[in-house]
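Novice: quick one, what's the 3D model for this:
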Amino acid sequence: MQRSLINILKLQALFLTKINMNNIQQAKQNAINSQIRPWGGLNYIANNALMDTPRELFVPGAYQNLVFADIAIPLTDKAKMFSPKIEGRLLDALNIGQDEMVLEVGTGSGYLTSVVSKLCKSITSIEIDEELSQGAGAKIKELGINNVSLEVGDASKGWQSNDFFDVVIVSSSVPKITGRYFHLLNVGGRIFVVEGTGNAMQAKLITRISEHKWETKSLFETHLDAMQGLESVEQFNF
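Specialist: As a prediction, this is how the structure comes out:
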């Protein structure tokens, strides 16, 4: 009798878990169909990576009911996650290849880091907040991802590396981009960055055409918090 009751409870728990997982998958698909694709996130490989990465694992408990909402979810008083539509749009614009090396400025929750890890050869991610970096690292380890390198540091002060990168993702806004750009970027490499202050911000894709030539394309208007350390700075030298 007792054993039968235990078996019934196990089956009920399994059934409820399956329903919950189905709901999450449906919510992900809804986010892609109603937010990401209409906003220009049409790269199916990137969208599959978004589908395959458990966003709910990276969202703070207080915001679990808003996991797939069209908002930038707060992580701390100085850091937020991108909204799903911005994630989809920037991945579409960057079109990351499997043989490419990526530099991410601002690890945050580690969600976008994990998504990008499925698209590239390797990703190095810098985070000024050590606690955020450690939390992201624990989740990335839980998912068994092994091509991510997390570093703690202040990217607003510059960044030195022996590696060169094909893609750079800046996950917060900078006031002004100058002509002197990332010396770490390979020719043919692309940078996603949001430039501006207040309500006048533009997401831009900057491509290194040659050693001394850059091509800039405006993608969309948006608003992001300024990179820590640059809140009152007029320009940012990459």
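
Novice: against residue 214, how distant is residue 191?
Specialist: Plainly put, residue 191 is 9 Å away from residue 214 if you go by C-beta to C-beta, to the nearest Å. From N, CA and C alone the C-beta is placed, and that goes for glycine too.

Novice: neighbour-wise, which of these two wins?
Specialist: It is residue 191, of residue 191 and residue 214, that has more neighbours when counted by other C-beta atoms under 10 Å, with 24 against 16.

Novice: beta partners for that one?
Specialist: On the basis of DSSP bridges, residue 191 is bridged to residue 168, residue 206.

Novice: hang on, it packs against residue 203?
Specialist: No - with contact defined as C-beta atoms under 8 Å, residue 191 does not reach residue 203; the gap is 11.1 Å.

Novice: all strands for the protein, in order.
Specialist: Applying DSSP state E to the chain gives strands spanning 101-105, 122-127, 148-152, 165-174, 185-197, 200-208, 214-222.

Novice: and those strands as TSV, adding distance to residue 57 and mean pLDDT?
Specialist: Output for the strands of the chain, formatted as TSV (distance: least, C-beta to C-beta, whole Å; pLDDT from 0 to 100):
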stretch	distance to residue 57	mean pLDDT
strand 101-105	18	95
strand 122-127	16	97
strand 148-152	15	97
strand 165-174	18	93
strand 185-197	24	93
strand 200-208	26	94
strand 214-222	25	94
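
Novice: quick one, which of these gets closest to residue 64.
Specialist: Comparing these by their distance to residue 64 (C-beta to C-beta), the top pick is strand 165-174, with 21.6 Å.

Novice: so how far is the closest one off the chain centroid?
Specialist: With C-alpha atoms, centre = their mean, to the nearest Å as the basis, strand 165-174 stands 10 Å off its chain's centre.

Novice: go on, stretch 217-224?
Specialist: Put simply, stretch 217-224 sits 16 Å off its chain's centre (C-alpha atoms, centre = their mean).

Novice: what separates the first and last residues of stretch 116-134, distance-wise?
Specialist: From its first residue to its last, stretch 116-134 covers 18 Å (C-alpha to C-alpha, to the nearest Å).

Novice: ok, now how distant is residue 187 from residue 33?
Specialist: 37 Å.

Novice: same check, this time on residue 123
Specialist: From residue 123 across to residue 33, the span is 27 Å (C-beta to C-beta).

Novice: just the pLDDT at the closest residue to residue 35 other than its chain neighbours, thanks.
Specialist: Spatially, and ignoring its direct neighbours in sequence, residue 35 is nearest to residue 85 (4.4 Å; C-beta to C-beta, 6 or more residues apart in numbering). As predicted, residue 85 sits at a pLDDT of 96.

Novice: quick one: residue 85 from residue 37, how far?
Specialist: Computed with C-beta to C-beta, the distance linking residue 85 and residue 37 is 9 Å.

Novice: who has more neighbours, the two?
Specialist: More crowded of residue 85 and residue 37, by other C-beta under 10 Å: residue 85, with 21 against 18.

Novice: quick one: residues contacting the more buried one.
Specialist: Contacts for residue 85 (C-beta atoms under 8 Å, 6 or more residues apart in numbering) come out as 35-36, 39, 41, 70.
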